[in-house]
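Enquirer: Have a look at this prediction, sequence included:
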Amino acid sequence: MTPLSLTSALLAWGGATGGGAMTTSRCRAPPVVSQWGGFKVQKSDRLLIREAWERADAYRPGKPNWFTQKPKDLASLHEELMPTISSMEPKDPPGIPGSGNKTSLLGALLKSLSTGDLALTLCSKEPPVLTELRDWLVEVLPMEIAVLGLPEEQGRVLATLVRAMDARRILDLGTFIGYSSIAMALVCADDAKIACCEPDTEYARSARDWWLKSGVSAKMQMHECTAQTMMQRLIDNGEAGEVDFIFCDVGERELYPEIHELAMQLLHVGGVVVYYDTLWAADEVLDHAPYPQMRQFNEQLAHDPRVLASLVPLSYGITICIKTLHLDGAALASAKATGGDDELVALLRERREAVAAEIAAL
Ligand SMILES: C[S@@+](CC[C@H](N)C(=O)[O-])C[C@H]1O[C@@H](n2cnc3c(N)ncnc32)[C@H](O)[C@@H]1O
């Protein structure tokens, strides 16, 4: 069975248990998707399986499947899908069994149960307007678009960080219908400002509507352009070093390295940037095109002397970076390009002397 027919089986299973799967009759036509070409590739059938799988949340007593809104039985779903998974060609790498990139469906399930579901069950309650927003997504949009919305538990993480830092100058990159921006706006101070960007006009309009409904419009600013354009505009307007918190969830994940460089200019030391979707399983079922780039991006962050980075394996993964040191990005790139540590050490020494001089002049 191909991944496509596996998806069909999964959705049909929703019907078999009375779920009716994802009927399209109540969905309007998908909006134009040209601006998020990257996402078209990312939202593969295998990803849809993973998302449906993770949303199956069988261990939340009394809660229906998030997509089908019907009760589900994860054990019978597993039983039904296992023959398909078992019939796939084994690709175990040499070495210790399980040491490669392969994850069993059951393994993926256990992972999601031990992260997403616990995170959902054992957290403070979601603000009602955000629950309403998520319901609206499923009700009105086709599934492949509805799943672009931020998962509940990730919204909670953002809100927690923003509140803990008392962040007041915030950027939301890739706003979509507004979930992440509202999650942050509801907890930040009255005088906080959140600059958002969304290149898709229709999504941007819906986000504005949801801001109004949530009572947070006064804190919001919408830039109907790409994240790179908005960030460069802010730098040109003299906002370098002024930003407290950035949430990056732009659809074109391959842009993360470029966005990171702009983020390093905009954040002050002590500011935080959170990258979403940074953890992808790589196996037959859950394989996902941008995985190698994401891995590379995480490695890049791990070796970036300007940040302290932590990859949190919660559902799709978030990487939280705190900016600990300001370094000129171009100088850093050139020091790294020369290959040796000497250039990097010289650059860091130079920076330390500059900081010492700044302190002495105070
Ligand atoms: C996964 S969705 C974001 C979800 C959103 N953060 C939320 O809380 O629901 C990704 C969004 O990024 C937008 N996008 C794509 N490329 C972009 C870019 N270069 N800059 C900013 N946004 C972009 C897409 O239109 C899409 O709405």
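Expert: Received, thanks.
Enquirer: Can you tell me the element the residue in the stretch 251-362 of the chain that the ligand sits nearest to falls in?
Expert: Closest to the ligand within the stretch 251-362 of the chain is residue 251: 3.1 Å, counting by Cβ to the nearest ligand atom. For the C-beta atoms, the positions are set from N, CA and C on the backbone; glycine is no exception. Residue 251 belongs to no helix or strand when elements are defined using DSSP states H and E.
Enquirer: And for residue 139?
Expert: Using DSSP H and E, residue 139 falls in helix 128-140.
Enquirer: what about the residue of the stretch 251-362 of the chain closest to the ligand, distance to residue 80?
Expert: Here residue 251 is placed at a distance of 32 Å from residue 80 (Cβ to Cβ, to the nearest Å).
Enquirer: show me the contacts for the nearest residue to residue 245 once chain neighbours are set aside.
Expert: Leaving aside its sequence neighbours, residue 245 sits nearest to residue 167 (Cβ to Cβ, 6 or more residues apart in numbering; 3.7 Å). By Cβ atoms under 8 Å, 6 or more residues apart in numbering, the residues touching residue 167 are 161, 184, 188, 192, 244, 245, 272.
Enquirer: So residue 241 sits against residue 264, correct?
Expert: No: Residue 241 lies out of contact with residue 264 (Cβ atoms under 8 Å); the separation is 10.1 Å.
Enquirer: Those two - which one has more neighbours?
Expert: Between residue 241 and residue 264, counted using other Cβ atoms under 10 Å, the more crowded position is residue 264 (22 against 14).
Enquirer: pretty sure the more buried one is in a helix, no?
Expert: Yes: counting by DSSP: H, G, I helix; E, B strand; the rest coil, residue 264 is located in a helix.
Enquirer: How about the contacts made by it?
Expert: So residue 264 contacts 306, 307, 323, 326, 327, 329 (Cβ under 8 Å, 6+ apart).
Enquirer: what does the stretch 251-362 of the chain put close to the ligand?
Expert: Contact residues (Cβ under 6 Å from any ligand atom) of the stretch 251-362 of the chain with the ligand: 251, 252, 255.
Enquirer: Kindly recompute the last result at 5 Å.
Expert: Counting by Cβ under 5 Å from any ligand atom, the stretch 251-362 of the chain comes close to the ligand at 251, 252.
Enquirer: any chance you could map the helices in the stretch 251-362 of the chain?
Expert: With DSSP state H, counting those that start in this stretch as the criterion, the stretch 251-362 of the chain has helices at 256-266, 291-302, 329-337, 341-360.
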